[in-house]
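> my questions are about this predicted structure, shown below with the sequence.
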There are 2 protein chains.
Amino acid sequence: MKNISELRQDIVFGDWVVIATGRGRRPHDFAKKDGDHWWKRQKKNCPFDELIDSAFYVALKSGEVHKLSKKNKTVLEKNWFLQIIPNKYPAFGKGICAVQRKIGPYFWEDGVGFHDVIITRAHEKSVALMSQKEADILIRAYRDRYLQLKDEDCVEYVSIFHNHGPEAGASIAHPHSQVIAISVVPPDVGRSIKGSAVFYHKNKKCVHCVMIDFEKREKIRIIYENEKFVVFAPFASRTAFEVRVFPKKHSPNFESIHNSEITFLADALKMALAKLCKGLGNPSYNFFIHTSPAANIEALRHYHWHIEILPKTAIWAGFELGTGIDISSIAPEKAASFLRKIKN
Amino acid sequence: MKNISELRQDIVFGDWVVIATGRGRRPHDFAKKDGDHWWKRQKKNCPFDELIDSAFYVALKSGEVHKLSKKNKTVLEKNWFLQIIPNKYPAFGKGICAVQRKIGPYFWEDGVGFHDVIITRAHEKSVALMSQKEADILIRAYRDRYLQLKDEDCVEYVSIFHNHGPEAGASIAHPHSQVIAISVVPPDVGRSIKGSAVFYHKNKKCVHCVMIDFEKREKIRIIYENEKFVVFAPFASRTAFEVRVFPKKHSPNFESIHNSEITFLADALKMALAKLCKGLGNPSYNFFIHTSPAANIEALRHYHWHIEILPKTAIWAGFELGTGIDISSIAPEKAASFLRKIKN
């Protein structure tokens, strides 16, 4: 008898997900019908089409990096490819960090940190459509900004993420990523690090390295790989068509990536997103980097940084919100087989 | 200097949320413009307008409960107010429970359990609009079905939830709740129970009772209360306008609720939802019951069951998904003050 679903456990987190294969959905059922049109909507007067005065990091098409000034403004306006600006509506700002206050039984502290926006120039060119060189410049900007922020006094964690499409919460259609640096280690990252530490102490191995080795042998969940990175659908996928990008070599810290490795990461990320874009009709998605906290690097050598891509193939509803158990209505093996075959 | 945001800690979970008050949004900014229209869309040929053959629990307008049979079909078809049916597309079904299987480093088990749908008759009458008597019958159905499921062999947890509106994942507009009974304790419930146990052992008090006492003294987050239930906006709200409904008397188990208490719960839930509906233009929302697991009741006397209502006032995007930190862009004190004043 075929089961309606499987409960699968995330071996890092310990949490369960449901793979509801019994619903019999095929990969094409997830494709968006109107996916190509949404970002053309905001083309007129797009605030991100121009170089913005507050840009403090400007990369040219050549890859050369500058700080915007009166002197170089005209040249940069012509040749900019990428700019980093402070978010106009930041979620975090100045304040006194790491001072816990108490009201009755509750605790709170100032929301201290940084909130930047990384904008690439072409309005309709998502990461999936970028050239190798362009994706390289984007990843370098991620790393460069990470390195600037990680030693700031109040910064415990730097989160780099990208929202693509309206269902993924992108309020501006123009391609942009965000960097948020905050004064606490986020709960999900904390649990992930704790889980990998427990595994390491028990098995003397990195849990992610074990997963990568197993996936490379099994092959059924692999979507793409190059010399230095591997892309696969996780066994305990949180959403249909979830995709993860891992460096093959063990490394706890994203920011220690070399330029030579960035080229391979850019290739792997582009490939993963291009396959999703082509296969599912340009779906909305979020991706983010999970890496070690900015502090205590020595203690966290068991962690293995990576990128998680979560297409918005469904809405988190009452069951998911009330239990913390996500339901994915396609098996990751089927999703991987579908995405693997899509040519770029 | 006014801060951009506050990090607030959930004292049960330990997780942080961000209250991004600096964005200066007012309560009316969250109101839906087209909220009233979505559920009129699916009025024609709605599958939930009729009594369904698989109904195994039918409550009449009088509150009387029947099981559908050939004999009573005609009478029930005329007088039914509420029916419970097995979900046509269940997330869980038959199988072998609690047998953990291993593939390489991973663990999985059959997705064993029950998945029901609780349907109330009137297509356009959401819980907010129900009469006191109707809401009573709905809550009784929740309890009755809970009591049937909790002693089933494979059931460790029973999740009762309700999705209202398209943004909350309600694929059918007709008002309906769902009951899912599963063979594992969900991660979020597990963490919540663990957090309340830690607090109990340290303080010899129920953490939720402490919160309720404090909220009743402070008053600023209280939205509504009657003799037996209190409705307030949690200090560490996960979303803008999050609302929780607590029994004032300490009780770990929802299913031990008496009929006399159900009347007060129905009143409190109706009030909370009616205020959201009127104040925010019938927004989409999810609500769910958090209660002790079906097993090990004796060991969990420190837990305090309650209902959480999460309006879909924003989309969980890359930051929330990558960190587990939710951002709410209105202070719960402001949300409560707004909702408190709305008359039903």
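That came through, no problem.

> quick check: residue A:239 is in a strand.
No. Applying DSSP: H, G, I helix; E, B strand; the rest coil, one finds residue A:239 to be coil, outside a strand.

> let's see the pLDDT reported for it.
Residue-level confidence at residue A:239 comes out at 93, pLDDT.

> so who does the nearest residue to it once chain neighbours are set aside touch?
Taking C-beta to C-beta, 6 or more residues apart in numbering or on different chains, and ignoring the residues beside it in sequence, residue A:239 has residue A:310 as its nearest neighbour in space, at 5.1 Å. In short, each C-beta sits where N, CA and C put it, glycine included. Neighbouring residues of residue A:310 by C-beta atoms under 8 Å, 6 or more residues apart in numbering or on different chains: A:238, A:239, A:242, A:285, A:286, A:287, B:321.

> equivalent analysis for residue A:218, please.
Applying C-beta under 8 Å, 6+ apart, the residues near residue A:218 are residue B:104.

> could you measure it against residue A:15, distance?
Per C-beta to C-beta, to the nearest Å, residue A:218 is found 22 Å from residue A:15.

> picking up where we left off before, what kind of secondary structure is the residue nearest to residue A:239 in?
Under three-state DSSP, residue A:310 falls in the strand class.

> returning to what we had before: neighbour-wise, give me the winner out of the contacts of residue A:310.
Most neighbours among those, by other C-beta atoms under 10 Å in any protein chain shown: residue A:285, with 29 neighbours.

> which residue, other than its chain neighbours, is closest to that one?
Closest residue in space to residue A:285, ignoring its immediate chain neighbours: residue A:311 at 4.3 Å, by C-beta to C-beta, 6+ apart.

> quick one, phi/psi of the closest residue to residue A:83 other than its chain neighbours?
Spatial nearest neighbour of residue A:83, excluding adjacent residues (C-beta to C-beta, 6+ apart): residue A:55 at 4.1 Å. Comment: the main-chain dihedrals of residue A:55 come out as phi -60, psi 130, following degrees, to the nearest 10.

> equivalent analysis for the one 3 residues further on, please.
With angles defined as degrees, to the nearest 10, residue A:58 shows backbone torsions of phi -130, psi 120.

> now for it: which residues touch it?
When contacts are counted by C-beta under 8 Å, 6+ apart, residue A:58 touches A:51, A:65, A:66, A:67, A:68, A:76, A:80, A:82, A:83, A:84.

> may I see the residues you listed arranged in TSV, with pLDDT, neighbour count and secondary structure as well?
Shown next, in TSV, are the contacts of residue A:58 (pLDDT from 0 to 100; neighbours: other C-beta atoms under 10 Å in any protein chain shown; DSSP: H, G, I helix; E, B strand; the rest coil):
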residue	pLDDT	neighbour count	secondary structure
A:51	96	18	coil
A:65	96	15	strand
A:66	94	17	strand
A:67	92	10	coil
A:68	90	20	coil
A:76	95	19	helix
A:80	97	21	strand
A:82	98	23	strand
A:83	98	25	strand
A:84	98	24	strand
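
> need the residues you listed in TSV with distance to residue A:20, can you?
Below are the contacts of residue A:58 laid out as TSV (distance: C-beta to C-beta, whole Å):
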residue	distance to residue A:20
A:51	47
A:65	47
A:66	50
A:67	51
A:68	50
A:76	50
A:80	46
A:82	40
A:83	43
A:84	41
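
> the longest helix in chain A is where?
Scanning chain A for the longest helix, with DSSP state H as the assignment, gives helix A:259-279.

> neighbouring strands for the next helix or strand after that helix, and are they parallel or not?
Scanning the chain past helix A:259-279 towards its C-terminal end, the next helix or strand to appear is strand A:285-290 (assignment: DSSP states H and E). The pairing partners recorded for strand A:285-290 under DSSP bridges are strand A:157-164 (antiparallel), strand A:306-311 (antiparallel).

> as CSV, could you dump the C-alpha coordinates of the longest one?
Presented in CSV, the C-alpha positions along strand A:157-164 are these (Å, rounded to 0.1, in the frame of the first residue of the first chain):
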residue,chain,number,x,y,z
TYR,A,157,25.0,37.7,13.1
VAL,A,158,24.9,38.9,9.5
SER,A,159,22.0,37.7,7.4
ILE,A,160,22.2,38.0,3.6
PHE,A,161,19.0,37.2,1.7
HIS,A,162,17.1,37.8,-1.5
ASN,A,163,13.3,38.1,-2.1
HIS,A,164,12.2,37.4,-5.6
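
> who are the packing partners of the next helix or strand after that strand?
Scanning forward in sequence from strand A:157-164, with DSSP H and E defining helices and strands, the next element found is strand A:176-182. Using 3 or more C-beta pairs under 8 Å, 6 or more residues apart in numbering or on different chains; DSSP states H and E as the contact test, the elements touching strand A:176-182 are strand A:113-120, helix A:132-150, strand A:157-164, helix B:318-323.

> got JSON lines for these, with distance to residue B:331 and mean pLDDT too?
Shown next, in JSON lines, are the helices and strands packed on strand A:176-182 (distance: least, C-beta to C-beta, whole Å; pLDDT from 0 to 100):
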{"stretch": "strand A:113-120", "distance to residue B:331": "19", "mean pLDDT": "97"}
{"stretch": "helix A:132-150", "distance to residue B:331": "27", "mean pLDDT": "97"}
{"stretch": "strand A:157-164", "distance to residue B:331": "23", "mean pLDDT": "97"}
{"stretch": "helix B:318-323", "distance to residue B:331": "18", "mean pLDDT": "93"}
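
> let's have the ones you listed in a markdown table, adding distance to residue B:277.
As requested, the helices and strands packed on strand A:176-182 are exported to a markdown table (distance: least, C-beta to C-beta, whole Å):
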| stretch | distance to residue B:277 |
| --- | --- |
| strand A:113-120 | 33 |
| helix A:132-150 | 43 |
| strand A:157-164 | 29 |
| helix B:318-323 | 25 |
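
> what's the spacing between residue A:326 and residue A:216?
Remark: distance between residue A:326 and residue A:216 (C-beta to C-beta) = 25 Å.

> return the alpha-carbon coordinates of the helix or strand hosting residue A:245 using CSV.
Using DSSP H and E, residue A:245 maps to strand A:243-247. What follows is the C-alpha trace of strand A:243-247 in CSV, where atoms were taken according to Å, rounded to 0.1, in the frame of the first residue of the first chain:
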residue,chain,number,x,y,z
VAL,A,243,17.1,23.7,-3.2
ARG,A,244,20.3,24.0,-1.2
VAL,A,245,23.8,25.0,-2.4
PHE,A,246,26.8,23.7,-0.5
PRO,A,247,30.5,24.2,-0.8
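
> in it, what counts as buried?
Within strand A:243-247, the residues scored as buried using 16 or more other C-beta atoms under 10 Å in any protein chain shown are A:243, A:244, A:245, A:246, A:247.

> out of everything not next to it in sequence, what's closest to residue A:48?
Once its chain neighbours are removed from consideration, residue A:48 has its nearest residue in residue A:174; the separation is 3.8 Å (C-beta to C-beta, 6+ apart).

> so what's the residue count around that neighbour?
In terms of burial, residue A:174 registers 20 neighbours under the definition other C-beta under 10 Å.

> if we can go back for a sec, just the contacts of residue A:310 now: which is nearest residue A:212?
For residue A:212, the closest of the contacts of residue A:310 turns out to be residue A:242, at 16.0 Å, with distances computed as C-beta to C-beta.
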